[in-house]
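Asks: How does the following fold in three dimensions:
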Amino acid sequence: RLLPFSPSVKVLGLADAMFSLDQNQFDGTPGLFQRIAEWGYQAWNSSYSINSGCKNSRSEEEDEWKCMFAEHVSMHVETPVFFLNSKYDPWQMRAILGIRCEYNVGCPAHQERAYVQYGQSMVRSLKILPEKHGYFVSNCIRHCMAGSRGSWNIMTIDNVKLKDAFLMWYENNIDVSGSNHTVHFVDTGDIEPSGTNRC
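Replies: Here you go, the predicted model:
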């Protein structure tokens with residue numbers, strides 16, 4: 001929408017901690033966040049402000065509320081976005097999966113499996129994003145990453161610091177030559193940081 005007024009301005013986005021998935025709880029029932037998103041879509045009359053590409057991609061009008069989830073809407077976002085997320089975000093584990101325990105601290109095995117499967121599903125959803133979007137997705141069990149100076153300077157995936165991954169993506173997207181390359185960093189292990197990766 002800014003383009004007609006200022007054609008030289010480049011707008012980019014940074015999304016921290018809410019690459020949320022539209023999944024049921026570990027027991028198969030809709031989770032708290034799904035119920036809130038569906039209710040909120042109606043209560044806030046969100047149909048006018050939700051991404052129209054996402055809305056138009058839904059086969060049923062009653063499913064438009066699913067565009068409140070990053071998993072669905074990010075495919076239609078035209079602004080390049082860099083996603084910072086943990087595959088094991090404790091907020092998402094509670095609000096989406098209904099898991100109230102911490103991994104490896106008294107969690108029943110079936111909940112731990114759901115925890116790992118959620119992380120694997122997130123990676124699959126990220127891998128099909130348009131290439132203009134970048135991401136840094138760790139196994140660090142935390143909700144937000146951008147607000148902590150330590151995260152920017154210490155968290156690594158494949159020996160690349162979070163701040164350096166973001167700067168690669170940022171510089172790639174402001175490059176006017178058009179020589180774009182993808183900036184995708186994912187800890188490929190499950191739960192614990194793999195190899196030399198650090199939290």
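Asks: export the helix or strand of the chain with the lowest mean pLDDT as PDB, just CAs?
Replies: Lowest on mean pLDDT, DSSP states H and E among the helices and strands of the chain sits helix 149-154, with a mean of 80. C-alpha atoms of helix 149-154 as PDB (Å, rounded to 0.1, in the frame of the first residue of the first chain):
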ATOM      1  CA  ARG A 149      20.300  -9.400  23.900                       C
ATOM      2  CA  GLY A 150      21.800 -12.800  24.800                       C
ATOM      3  CA  SER A 151      19.700 -14.500  22.200                       C
ATOM      4  CA  TRP A 152      21.000 -12.300  19.400                       C
ATOM      5  CA  ASN A 153      24.600 -12.900  20.300                       C
ATOM      6  CA  ILE A 154      24.600 -16.400  21.700                       C
END
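Asks: Packing partners of that helix?
Replies: strand 160-161, helix 162-174 (3 or more CB pairs under 8 Å, 6 or more residues apart in numbering; DSSP states H and E). Heads up, the C-betas are built off the backbone N, CA and C, glycines and all.
Asks: So for residue 95, which of those sits nearest?
Replies: Evaluated over these, closeness to residue 95 peaks at helix 162-174, with 23.9 Å, by CB to CB.
Asks: got the phi/psi numbers for residue 44?
Replies: Backbone geometry at residue 44, expressed as degrees, to the nearest 10, gives phi -90, psi 0.
Asks: quick one: contacts for it?
Replies: Under the criterion of CB atoms under 8 Å, 6 or more residues apart in numbering, residue 44 has no neighbours.
Asks: what's the burial count for residue 49?
Replies: 8 (other CB atoms under 10 Å).
Asks: Please apply the same query to the one 4 residues further on.
Replies: When neighbours are counted by other CB under 10 Å, residue 53 registers 13.
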